[in-house]
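[1] This is a predicted model, with the sequence first.
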Amino acid sequence: MLNLMVPAWEIGIRAAAVYLATLIGLRLSGKREIGQMTLFDLVTLLLLANAVQNAMVGPDTSLIGGLLAAGALLALNAAVAYGRLRWQPLRTLMEGTPTLLVLHGRVLERNLRREGLDLELLEAALREHGVADIRDVEMAVLEVDGSISVIPMGGTTHRIRHPARFLRRPG
C-alpha cells in the first residue's frame, strides 16, 4: 500500500500532462461550457475523470501514488491560477475574451455562429431581461464566464446569470 510501482516523478509528470490536456480540451470547447453545467456536461466530466485516472498513475494503485497525483494536480492548478492573475496573456489564453453579439440593434451573425449560438437562443436570452426586439439593444456581449450582458438602447447593463439554457437546445 505504501510502495510505489511507478517513480514519484513519473506520477507528477503524468498528472501534469493529463491536467494540461484536459484544461486545453475544456478551453477549446468554448465559453458556453463555462456558464451553467447541464446534465450532459456533468456526465462528460465524470467520465473524463475516470478515463484519465490510469493515465496519471499508470499501474500504481497505491495510496501514496494517488496522493502524489492529487498533490501534483493541486500544485499545477495553483500555479496556473497564480499565473493567470499575474500575466495577462495567460489569462486571455485560459479564459478567452468577451464576444460582441449585438451592436446598435444589429446581430453580428459571424460572432453568433462562432460561439455556437443561434438567433432564437439570443432572442430568448434578451427576453429574459425584458428586451423584446433586438433593435432595442445597444450592445449584447457573451462574457468569458458564459453569461450574456445586455445594454438596451439608452439603458443600463443587465447580466443574465445562468444563460446555459439559452446556449444549447435540450435533448
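    Perfect, I can see it now. Numbers count the residues shown, from 1 in each chain.

[2] pretty sure residue 100 is in a strand, no?
    Yes. Assessed with DSSP: H, G, I helix; E, B strand; the rest coil, residue 100 lies in a strand.

[3] since we're on residue 121, how many residues are nearby?
    Residues lying near residue 121 (other CB atoms under 10 Å) number 19. In this view, the C-beta of every residue, glycine as well, is placed from N, C-alpha and C.

[4] Where does the record place the domain boundaries for the chain?
    8-95, 99-167 (automatic domain parsing).

[5] Pick the most buried one from the ones you listed.
    Stretch with highest mean neighbour count among these: domain 99-167 (a mean of 16; mean count of other CB atoms under 10 Å).

[6] quick revisit: reformat the domains of the chain as CSV; add mean pLDDT.
    Shown next, in CSV, are those (pLDDT from 0 to 100):
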stretch, mean pLDDT
domain 8-95, 81
domain 99-167, 81
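
[7] the longest helix in the protein is where?
    The longest helix of the chain (DSSP state H) is helix 63-86.

[8] who does that helix touch, helix- and strand-wise?
    helix 8-28, helix 39-57, helix 88-95 (3 or more CB pairs under 8 Å, 6 or more residues apart in numbering; DSSP states H and E).

[9] closest to residue 125 out of these?
    Ranking those by proximity to residue 125 (CB to CB) places helix 39-57 first, at 18.4 Å.

[10] now the closest one against helix 63-86, angle please.
    Computed by axes from the mean of the first three to the mean of the last three CA atoms, to 10 degrees, the angle separating helix 39-57 from helix 63-86 equals 120 degrees.

[11] For the remainder of this discussion, apply numbering that starts at 11.
    Okay, residue one is now 11; in that scheme the one you just asked about reads as helix 49-67.

[12] Residues contacting helix 49-67, please?
    Residues from elsewhere that reach helix 49-67, judged by CB atoms under 8 Å, 6 or more residues apart in numbering: 16, 21, 24-25, 27-28, 31-32, 43, 47, 75-76, 78-79, 83.

[13] now swap in stretch 72-87 and tell me
    By CB under 8 Å, 6+ apart, stretch 72-87 touches 11-16, 18, 21-22, 24-26, 29-30, 66-67.
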